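A.B. asks: Need the 3D shape of this:
(chains A and B)
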There are 2 protein chains.
Amino acid sequence: MGVADPKGFRAAGVPAGLKSTGKPDVSLVVNDGPEHHAAAVFTSNRVAAAPVIWSRQVVSDGRADAVLLNSGGANACTGPQGFQNTHASAEKTAELLGISAGDVLVCSTGLIGEQLPMDKIFAGTTDAHARLASGEEASAAAAAGIMTTDTVSKRAGFEGSGYLIGGMAKGAGMLAPALATMLVVITTDAVLEPAQLDAALRAACAVSFDRADADGCMSTNDTVILMASGASGVTPDVEEFTKGLTATCVDLALQLMHDAEGASHEIAVRTFNAASVDDALEVSRAVSRSNLFKTAIFGNDPNWGRVLSATGTTKAAFEPENLNVFMNGVQVCRNGGLGEDRSLVDLSGRNVTVDIDLGAGSEEATIWTNDLTHEYVHENSAYSS
Amino acid sequence: MGVADPKGFRAAGVPAGLKSTGKPDVSLVVNDGPEHHAAAVFTSNRVAAAPVIWSRQVVSDGRADAVLLNSGGANACTGPQGFQNTHASAEKTAELLGISAGDVLVCSTGLIGEQLPMDKIFAGTTDAHARLASGEEASAAAAAGIMTTDTVSKRAGFEGSGYLIGGMAKGAGMLAPALATMLVVITTDAVLEPAQLDAALRAACAVSFDRADADGCMSTNDTVILMASGASGVTPDVEEFTKGLTATCVDLALQLMHDAEGASHEIAVRTFNAASVDDALEVSRAVSRSNLFKTAIFGNDPNWGRVLSATGTTKAAFEPENLNVFMNGVQVCRNGGLGEDRSLVDLSGRNVTVDIDLGAGSEEATIWTNDLTHEYVHENSAYSS
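C.D. replies: Predicted coordinates:
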């Protein structure tokens, strides 16, 4: 399932020459209605890219008719000229579709600090407009057009009672809390008001993208968009819709983690018996961001001392002598000290679970992260973004 | 200059078999008086090692007669047995010296979560006691005994008006704010009260060790100790003493950064024109901790977009359109957008300066960090700590 599967949506993805590889780099997603309701969440980075500043304004009235996306350039830190370029690309899209530029969302991803080649953007937009279509193939093309260092394109969806949710995402590194170099577009043909979309999207993001933390960095361009056409004519049960949207977002978030730059392990850091969900998140995030922990996992070393060391930097409620840590199910730390022999832990597989028992309550939360590998260093030292 | 150079101090460093390499791993520093004033600062990690818990208590009355240090084992996350072991090693030292165990500080560094082989600790302590001496050679031996992945031992000192300050340090990674797997012992023969030592030490640490941030991780064992024998008979000008102590600490901190695990660049991240020193520190620290920034520097890529991106995650006072960034003196970012051509920046040397102009005030601060390299990943995935 993808963005062009729900009724009322068309999409396309075309090569416009922004990438030197000749791969698709401009995507367009159009909502043909009858409704044009939308919601979005954006990076909390204060150095926001021009398209983020533009799109925040566009979606503020709860309406969006189209999203123009490009890879091959982030249009971030590009000053007044960068903002004019975003504006111009929205105008171009609006002109082609016969709509208002004020209803066109824009997303960009790629290198920071360079102006986009607008002739290529314009030509690509025209080309994408000519190829707009519904269904599987168009969904796949649109998802391909937003890839940067992604090795695979990401799509997901949900079939509700008489309506569909379809989504696509890009992002293969720089994943972080509150999003990160991640672009996500989700469409639905359900009948929902903007305020309902907004509430459902925020709830879904809080337990999906916000809990994926590949390297603690936060991008200037992160955007998650949800658009509803109402074309199914079905007004969904809001709880079911939120559940389906959440499942779609979790699916996409896990695909992003799976494809994170240079990772050799996918790690679920779960903190339980916490006094609050916030405490559990703080501990899981601290461990997820410890380069020492992440390199140990890369080395297949069940180094629970680094887990405790990271836990000790937080303000979460716990007593050191009550901490228990399990790695892949083996209790390597008991009551803040030595537990089972660390050699019992097999980290040779790709999936790793770390479970931290704070012994301070009954709440829990999981952060998904990756190990820190030679490939990570290689990709991020060789690839400018 | 080292810990056994100021009058009234003796030191030793011996191999006790804790390290499989047969290199020195037990060091002893003794203050023969006439005064035995001391102050210390410890890790703020809530999961503190047994020797940290012990030493905090020892120094709380402002007196310390000796410091026993070992590498080859951190004695962290070792439960009640670990604490008993620390206590026993202090008792052993006290017995040899004819002093009270309650005046013996203990420091350990190495792998977390394993009990120390106490027979080797006792034998090593006896051996070190037999070799206690003043002067250059003893200072060097003591500094060698605390090395872990350090490639060189670290010493520094200051010659005041009639008194000396001598110091040693270990730590080659895990450096972080508020200290990290770092052990530092500083001695002086000046006449100073414990409260004066405490104030001077905190002032010195705040602008030295606290501003070195290699990988954002914080150890369970960090300790900085300052002992005064009063043997020079000279009561120093407190301002001069604090200045000399600060210079000694900065010297040691820079030696630690210079030797940080697997680094190929030493980076000074300076934030200026900030509304406050705290703002400047927050920005410099955020940039210093960005893995994307650190890998870019490893790749000799003057990627100022990643500097801005990290800056944007802070709460410091600034407007994005007023930001300027200089890398090795070249203004690569002007008013939040493109500045000079990035190709003008030569990052092939070991030393890199990043200067961030917030345009929001007149305060400044610098954080010292390193790049993130293949060697870092290698050392920290292969070496357990």
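A.B. asks: how about low-confidence regions in the stretch 101-250 of chain A?
C.D. replies: For the stretch 101-250 of chain A, the stretches with pLDDT under 70 are A:172-180, A:214-218.
A.B. asks: show me where it has strands.
C.D. replies: Taking DSSP state E, counting those that start in this stretch as the test, the strands found in the stretch 101-250 of chain A are A:104-108, A:154-159, A:164-170, A:183-188, A:223-228.
A.B. asks: Quick one: residues in contact with the last one.
C.D. replies: It refers to strand A:223-228. Strand A:223-228 has contacts (CB atoms under 8 Å, 6 or more residues apart in numbering or on different chains) with A:9, A:29, A:31, A:35-43, A:51-52, A:55, A:59, A:64, A:67, A:105, A:107, A:179, A:182-192, A:197, A:200-201, A:205, A:209, A:245, A:249. Yep, even glycine has a C-beta here, placed from its N, CA and C like the rest.
A.B. asks: For it, enumerate its sheet partners and note whether each is parallel or antiparallel.
C.D. replies: Strand A:223-228 sits in its sheet next to strand A:37-42 (antiparallel), strand A:183-188 (parallel), going by DSSP bridges.
A.B. asks: Chain B contacts on the stretch 201-350 of chain A?
C.D. replies: Selection of the stretch 201-350 of chain A residues close to chain B by CB under 8 Å from any CB of the partner chain yields A:215-220, A:289-292, A:295-296, A:298-299, A:301, A:303-306, A:308-314, A:320-321, A:323, A:333, A:335-338, A:342.
A.B. asks: Now list the buried members of those.
C.D. replies: Using 16 or more other CB atoms under 10 Å in any protein chain shown as the burial test, these include A:215-220, A:289-292, A:295-296, A:298-299, A:301, A:303-306, A:308-314, A:320, A:323, A:333, A:335-338, A:342 as buried.
A.B. asks: For the stretch 251-385 of chain A, which segments are assigned as helices?
C.D. replies: Remark: helices assigned in the stretch 251-385 of chain A by DSSP state H, counting those that start in this stretch are A:277-288, A:291-298, A:304-311, A:374-382.
A.B. asks: Just put the strands paired with strand A:223-228 in CSV and tack on mean neighbour count.
C.D. replies: Formatted as CSV, these follow (neighbours: other CB atoms under 10 Å in any protein chain shown):
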stretch, mean neighbour count
strand A:37-42, 24
strand A:183-188, 31
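A.B. asks: what's the closest of these to B:Thr353?
C.D. replies: Proximity to B:Thr353 (CB to CB) singles out strand A:37-42 among those, at 32.7 Å.
A.B. asks: And that closest one, how far out from the chain middle?
C.D. replies: Chain-centre distance of strand A:37-42: 14 Å, with CA atoms, centre = their mean, to the nearest Å.
A.B. asks: Stretch A:361-380 too?
C.D. replies: On CA atoms, centre = their mean, the centre of stretch A:361-380 falls 14 Å from the chain's centre.
A.B. asks: residues of it that come out buried?
C.D. replies: Neighbour-count burial for stretch A:361-380, counted by 16+ other CB under 10 Å, picks out A:361, A:363-380.
A.B. asks: And A:Val30, which helix or strand is it part of?
C.D. replies: Here A:Val30 sits within strand A:26-31, counting by DSSP states H and E.
A.B. asks: now that strand against strand A:104-108, angle please.
C.D. replies: 150 degrees (axes from the mean of the first three to the mean of the last three CA atoms, to 10 degrees).
A.B. asks: What's the mean pLDDT across strand A:26-31?
C.D. replies: Here strand A:26-31 scores 98 as its mean pLDDT.
A.B. asks: what sits up against it?
C.D. replies: A:3-4, A:8-16, A:18, A:38, A:64-70, A:93, A:97, A:121, A:124-125, A:127-129, A:132, A:141-146, A:185, A:187, A:227-229.
A.B. asks: starting at the chain centroid, how far to that strand?
C.D. replies: 18 Å.
A.B. asks: Just give me the neighbour total for the residue nearest to A:Glu35 when sequence neighbours are not counted.
C.D. replies: For A:Glu35, ignoring the flanking residues on the chain, the nearest one in space by CB to CB, 6 or more residues apart in numbering or on different chains is A:Gly230 at 3.5 Å. Other residues within reach of A:Gly230, judged by other CB atoms under 10 Å in any protein chain shown, total 22.
A.B. asks: residues in contact with A:Gly230?
C.D. replies: A:Gly230 is in contact with A:Gly8, A:Gly33, A:Pro34, A:Glu35, A:His37, A:Asp189, A:Ala190, A:Val191, A:Leu192, counting by CB under 8 Å, 6+ apart.
A.B. asks: Setting the sequence-adjacent residues aside, check what's closest to the residue of the stretch 151-300 of chain A found nearest chain B.
C.D. replies: Minimum separation of the stretch 151-300 of chain A from chain B (CB to the nearest CB) falls at A:Gly299, amounting to 3.0 Å. Nearest non-adjacent residue to A:Gly299, counting by CB to CB, 6+ apart: B:Ser381, 3.0 Å away.
A.B. asks: now do A:Arg285
C.D. replies: Closest residue in space to A:Arg285, ignoring its immediate chain neighbours: A:Ile367 at 5.4 Å, by CB to CB, 6+ apart.
A.B. asks: That neighbour against A:Ala280, yeah?
C.D. replies: No - A:Ile367 is beyond contact range of A:Ala280, at 9.1 Å (criterion: CB atoms under 8 Å).
A.B. asks: that older thread, so which of the contacts of A:Gly230 are in helices?
C.D. replies: Using DSSP state H, the subset of the contacts of A:Gly230 located in helices is empty.
A.B. asks: From these, list the buried ones, please.
C.D. replies: For these, a burial check counting by 16+ other CB under 10 Å picks out A:Gly8, A:Glu35, A:His37, A:Asp189, A:Ala190, A:Val191, A:Leu192.
A.B. asks: What backbone torsions are found at the fifth one?
C.D. replies: Note on A:Ala190: its backbone torsions stand at phi -70, psi 160 [degrees, to the nearest 10].
A.B. asks: Give me the distance between it and A:Val184.
C.D. replies: A:Ala190 sits at a distance of 18 Å from A:Val184 (criterion: CB to CB, to the nearest Å).
A.B. asks: same question, A:Ala203
C.D. replies: Distance of A:Ala203 to A:Val184, given as CB to CB: 15 Å.
A.B. asks: go on, A:Pro51?
C.D. replies: A:Pro51 is 14 Å from A:Val184, where distance means CB to CB.
A.B. asks: any weak-confidence spans in the stretch 251-385 of chain A?
C.D. replies: Low-confidence segments of the stretch 251-385 of chain A (pLDDT under 70): A:261, A:382-385.
A.B. asks: show me where it has strands.
C.D. replies: Here the stretch 251-385 of chain A has its strands, by DSSP E, counting those that start in this stretch, at A:266-274, A:324-327, A:330-334, A:337-338, A:351-357, A:363-370.
A.B. asks: And the residue of the stretch 1-150 of chain A that's closest to chain B?
C.D. replies: Ranked by CB to the nearest CB, the top residue of the stretch 1-150 of chain A for proximity to chain B is A:Ile112, at 2.6 Å.
A.B. asks: contacting residues around the residue nearest in space to the middle of chain A?
C.D. replies: With distances taken as CA atoms, centre = their mean, the residue of chain A nearest its centroid is A:Met182 (4.5 Å). For A:Met182, the contacting residues are A:Ala169, A:Lys170, A:Gly171, A:Met174, A:Leu175, A:Phe209, A:Ser219, A:Asp222, A:Thr223, A:Val224, A:Leu256, by CB under 8 Å, 6+ apart.
A.B. asks: Looking at these, which two lie furthest apart in space?
C.D. replies: Using CB to CB, those span at most 15.0 Å, a distance reached by A:Met174 and A:Val224.
A.B. asks: between the two, which one's more packed in?
C.D. replies: A count of neighbours by other CB under 10 Å puts A:Met174 above the other of A:Met174 and A:Val224, at 30 against 26.
A.B. asks: re the thing from before, direction included, what does the strand holding A:Val30 pair up with?
C.D. replies: Partners of strand A:26-31 in its sheet, by DSSP bridges: strand A:9-14 (antiparallel), strand A:66-70 (antiparallel).
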